[in-house]
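**Student:** sequence isn't available, so here's the structure alone:
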């Protein structure tokens, strides 16, 4: 009788141990089926800063005017993205204070995007 009781307790402990380990490893959080996307606000803080906004080498087809802002949607979250401006030919000749840049590409700003936060990039100079 005592042997049966010990065997029964060991069998129950073994079953509990095996099922609890299996249960622990099989239940996990589901992976997202679609990647998260953020929005990005690009802001001009100078009367010499404007042009088409590029994010990671892609033209967003948004045009940033001096002292204005544009919102870019569908920017990947949890990544560092590169943002720069490209001025169309003749753009600088129409500004109040004309400048002649060495090229039509601005400097590059980098930002790590996070959902549920305001992702803003400020351009204070060309």
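**Tutor:** Yes, it's here. Here the structure is a predicted model, which means the values were calculated and not measured.
**Student:** now do the strands in the chain.
**Tutor:** For the chain, the strands defined by DSSP state E cover 37-44, 51-55, 58-64, 69-76, 80-86, 109-112, 120-123.
**Student:** so what's residue 44 bridging to?
**Tutor:** residue 123 (DSSP bridges).
**Student:** how close does it sit to residue 105?
**Tutor:** Note on residue 44: its distance to residue 105, by Cβ to Cβ, to the nearest Å, is 15 Å. Where you see a C-beta, it was placed from the backbone N, CA and C, and this is true even at glycine.
**Student:** can you list the weak-confidence ranges in the chain?
**Tutor:** 14-35, 92-103 (pLDDT under 70).
**Student:** name the nearest residue to the residue nearest the centre of it, sequence neighbours excluded.
**Tutor:** For the chain, the residue nearest the mean C-alpha position is residue 77 (2.6 Å; Cα atoms, centre = their mean). Of all residues not flanking residue 77 in the chain, residue 36 sits nearest, at 4.0 Å (Cβ to Cβ, 6 or more residues apart in numbering).
**Student:** list the contacts of the one you found.
**Tutor:** Counting by Cβ atoms under 8 Å, 6 or more residues apart in numbering, residue 36 makes contact with 76, 77, 78, 115.
**Student:** just the buried residues out of these, in PyMOL syntax.
**Tutor:** Those of those that count as buried under 16 or more other Cβ atoms under 10 Å are selected in PyMOL with:
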select buried, resi 77
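**Student:** which of the contacts of residue 36 lies closest to residue 7?
**Tutor:** residue 78 (52.8 Å; Cβ to Cβ).
**Student:** and that closest one, how far from residue 69?
**Tutor:** For residue 78 relative to residue 69 (Cβ to Cβ), the value is 23 Å.
**Student:** I'd like to know how many residues surround the nearest residue to residue 124 once chain neighbours are set aside.
**Tutor:** Leaving aside its sequence neighbours, residue 124 sits nearest to residue 45 (Cβ to Cβ, 6+ apart; 4.7 Å). By the criterion of other Cβ atoms under 10 Å, residue 45 has 12 neighbours.
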